[in-house]
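> give me a 3D structure for the following:
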Amino acid sequence: MDRTQVVIVGSGFGALAAAKKLGKAGTPFVLISETTEHLFQPLLYQVATGVLSPGEIAPSIRAILSKYPSGDVRLGRVVDVDPDKREVVYEAGGIRNTLGYDSLIAATGARQAYFGHDEFAEVTYALKTVADADRLRRQIVRCFEEAHTTADPERRRDLLHFIVIGAGPTGVELAGQIKELAGRYFEKSLRDITAEDVTVTLVEGAEETLPVFGGKLSKYTQDSLERAGVEVVLGTMVTDIDEHGATLSSPGNGFDKRLTAETIIWSAGIQANDFAAVLAERTGCETGRGGRLLVDEDLTVGRYDDIYAIGDMASLNNLPAQSPFAMQGGRHVAAIINGKRAAGTPFTYRDKGSMAIINRFRAITRVGKIELTGVLAWFLWLAVHLVYLVGFRNRYVAVMSWCGSFLGHRRPHFHYAQEIEPAESNELDRAA
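Numbers count the residues shown, from 1 in each chain. Okay, here's the model as predicted:
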């Protein structure tokens, strides 16, 4: 049986932070990932709205870790673990493989949560993967193109109505960008469509946008969105969704309302990926909201001090499911494995601040007691995200794309090629 000192499951921020620290110490490790790339998830909305290309936010994992001789990257999906034997089972190319370990780091992230309405996934657009972003980008282009040619005013209205559910960072960023996209891009290229023709409705169950910030930053976010033309609906739940719209309910205000739209984007909540449930069952670890593992203070899982869970799949002291928690967790775990910290050392989270972009030249930032808004916060957001982009070329291309999109009126990564359905493609082949 194959064996290594450390097995890392996942390829997100936490997994790479751990892998780099292990690699620098020369500790042998195998990183198993379902994808070949490391996804910079906070910028997915820019792929969906044509600002960046997938390649700019999803560099190769092997390229990132190639300078660490002690590391090995394998493409596969981990399906089981035996904590007593210290073995993981992963599928690759249709074949099941067993890999032994001394320490296991689970960092498989999270997926979209639908709060008991999994059927909503079939009629909404999520934004958790590159495929999600590409699908949403194609949908946005299709809606504007069909609105440009249709003679039916009701269909045109629905094509140009975008409903975004969830006013967290992703929802706010998408709502602001779609509205900006209408005025700064499509209005210039499709002469019969103006920004006023495009309706963006942002729906949030809480009583404020970006609830994690609260106070004046949430108020500034709401005001900025509304000034940009986004309709913000707070204290309202979504009770039903179909292919043509959503039903909203606000018990406090005593109303039920039906909104029709061709595009409904779901960005409300997360739940741990499937491997978290496997770990919970095998280790006896309890789970919390969204199936996230309730890890111990040192980020170990259940009854085992050689298995760690980090990032979005883990829950500890209500810390935010964001990249800083994942990266700091990855470095903490790697330091213990490398012998730089004593086994059982509690994880200490260092809050380096939070930020969110709203639209062009508007963002919010909180660092300790310091709160920033507007242009300064926007440039700070760009600078921080540029630092965390992996690879010089990625940073250079991102800057060029940002200049073209935010300073100019271009969206360099929209593609207008008409998609051909498989059935239609077969008919064309037969005709040829």
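> which stretches of the stretch 301-432 of the chain aren't confidently modelled?
Counting by pLDDT under 70, the stretch 301-432 of the chain contains low-confidence residues at 391-393, 412, 415-432.
> do a quick rundown of the strands in it.
For the stretch 301-432 of the chain, the strands defined by DSSP state E, counting those that start in this stretch cover 304-309, 314-315, 354-359, 362-367, 370-373.
> got the contact list for the second one?
To tie it back to what came earlier, the one meant is strand 314-315. 288, 289, 292, 293, 294, 295, 299, 321, 329 (CB atoms under 8 Å, 6 or more residues apart in numbering). Every residue, glycine included, has its C-beta placed from N, CA and C.
> among the strands of the stretch 301-432 of the chain, show me which one is buried the most.
Stretch with highest mean neighbour count among those: strand 314-315 (a mean of 26; mean count of other CB atoms under 10 Å).
> about what we covered before: going by distance to residue 90, which of the contacts of strand 314-315 wins?
Set against residue 90, the nearest of the contacts of strand 314-315 by CB to CB is residue 293 (19.1 Å).
> list buried residues within the contacts of strand 314-315.
Buried members of these, counted by 16 or more other CB atoms under 10 Å: 292, 293, 294, 295, 299, 321, 329.
> got those residues as a markdown table, with distance to residue 336 columns?
Listed next are the buried ones among the contacts of strand 314-315 as a markdown table, based on distance: CB to CB, whole Å:
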| residue | distance to residue 336 |
| --- | --- |
| 292 | 21 |
| 293 | 17 |
| 294 | 19 |
| 295 | 13 |
| 299 | 9 |
| 321 | 22 |
| 329 | 11 |
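> by pLDDT, give me the weakest of these.
Comparing pLDDT over the buried ones among the contacts of strand 314-315, the lowest score belongs to residue 321 (88).
> the residue nearest to it when sequence neighbours are not counted: what's it in contact with?
Nearest residue to residue 321, sequence neighbours excluded (CB to CB, 6 or more residues apart in numbering): residue 312, at 4.5 Å. Residue 312 makes contact with 12, 109, 110, 270, 272, 292, 321, 326, according to CB under 8 Å, 6+ apart.
> is it possible to export those residues to a markdown table including distance to residue 200 and secondary structure?
As requested, the contacts of residue 312 are exported to a markdown table (distance: CB to CB, whole Å; DSSP: H, G, I helix; E, B strand; the rest coil):
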| residue | distance to residue 200 | secondary structure |
| --- | --- | --- |
| 12 | 29 | coil |
| 109 | 28 | coil |
| 110 | 26 | strand |
| 270 | 23 | strand |
| 272 | 30 | strand |
| 292 | 31 | coil |
| 321 | 25 | coil |
| 326 | 30 | helix |
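> tell me which two of those sit farthest apart.
Using CB to CB, these reach their maximum pairwise distance at 12 and 292, which is 14.4 Å.
> can you count the residues close to residue 284?
Residue 284 has 12 neighbours, counted by other CB atoms under 10 Å.
> output the below-cut-off pLDDT ranges for the stretch 1-150 of the chain.
For the stretch 1-150 of the chain, applying pLDDT under 70 flags the ranges 1.
> now do the helices in it.
13-24, 44-48, 54-57, 61-65, 130-149 (DSSP state H, counting those that start in this stretch).
> which residue is the nearest non-sequential neighbour of residue 57?
Excluding its sequence neighbours, the residue lying closest to residue 57 (CB to CB, 6+ apart) is residue 40, at 4.0 Å.
> got a list of what the one you found touches?
So residue 40 contacts 57, 58, 388, 389, 390 (CB under 8 Å, 6+ apart).
> residue 10 contacts residue 106, doesn't it?
Yes - using CB atoms under 8 Å, residue 10 is in contact with residue 106, at 7.0 Å.
> shared neighbours of these two, which are they?
Contact with both residue 10 and residue 106 is made by no residue, according to CB under 8 Å, 6+ apart.
> then stretch 25-35 to PDB, C-alphas only?
Only the C-alpha atoms of stretch 25-35 are listed here, as PDB (Å, rounded to 0.1, in the frame of the first residue of the first chain):
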ATOM      1  CA  ALA A  25      10.000  22.200   6.000                       C
ATOM      2  CA  GLY A  26      10.600  19.300   3.600                       C
ATOM      3  CA  THR A  27       7.800  17.300   5.100                       C
ATOM      4  CA  PRO A  28       6.500  14.600   2.700                       C
ATOM      5  CA  PHE A  29       2.800  15.100   1.800                       C
ATOM      6  CA  VAL A  30       0.300  14.100  -0.900                       C
ATOM      7  CA  LEU A  31      -2.400  16.600  -1.800                       C
ATOM      8  CA  ILE A  32      -5.500  15.000  -3.300                       C
ATOM      9  CA  SER A  33      -7.900  17.300  -5.300                       C
ATOM     10  CA  GLU A  34     -10.900  16.800  -7.400                       C
ATOM     11  CA  THR A  35      -9.700  19.600  -9.700                       C
END
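> enumerate the positions of that stretch that are buried.
By neighbour count with 16+ other CB under 10 Å, stretch 25-35 contains the buried residues 25, 27, 29, 30, 31, 32, 33, 34.
> give me the neighbour count for residue 287.
18.
> for it, which non-adjacent residue is closest in space?
Excluding the flanking residues, the one nearest residue 287 by CB to CB, 6+ apart is residue 280, at 5.1 Å.
> in three-state terms, label the one you found for me.
At residue 280 the chain is in helix, as set by DSSP: H, G, I helix; E, B strand; the rest coil.
> tell me who's in contact with it.
Applying CB under 8 Å, 6+ apart, the residues contacting residue 280 are 286, 287, 291, 293, 302.
> measure the closest residue to the third one other than its chain neighbours to residue 307 for me?
Here the nearest residue to residue 291 in space, its sequence neighbours aside, is residue 272; by CB to CB, 6+ apart that works out to 4.2 Å. Relative to residue 307, residue 272 is positioned 15 Å away (criterion: CB to CB, to the nearest Å).
> any buried residues in stretch 257-264, and which?
Buried, per 16+ other CB under 10 Å, within stretch 257-264: 259, 261, 262, 263, 264.
> of those residues, which is the nearest to residue 87?
Among the buried residues of stretch 257-264, and counting by CB to CB, the member closest to residue 87 is residue 264, at 42.9 Å.
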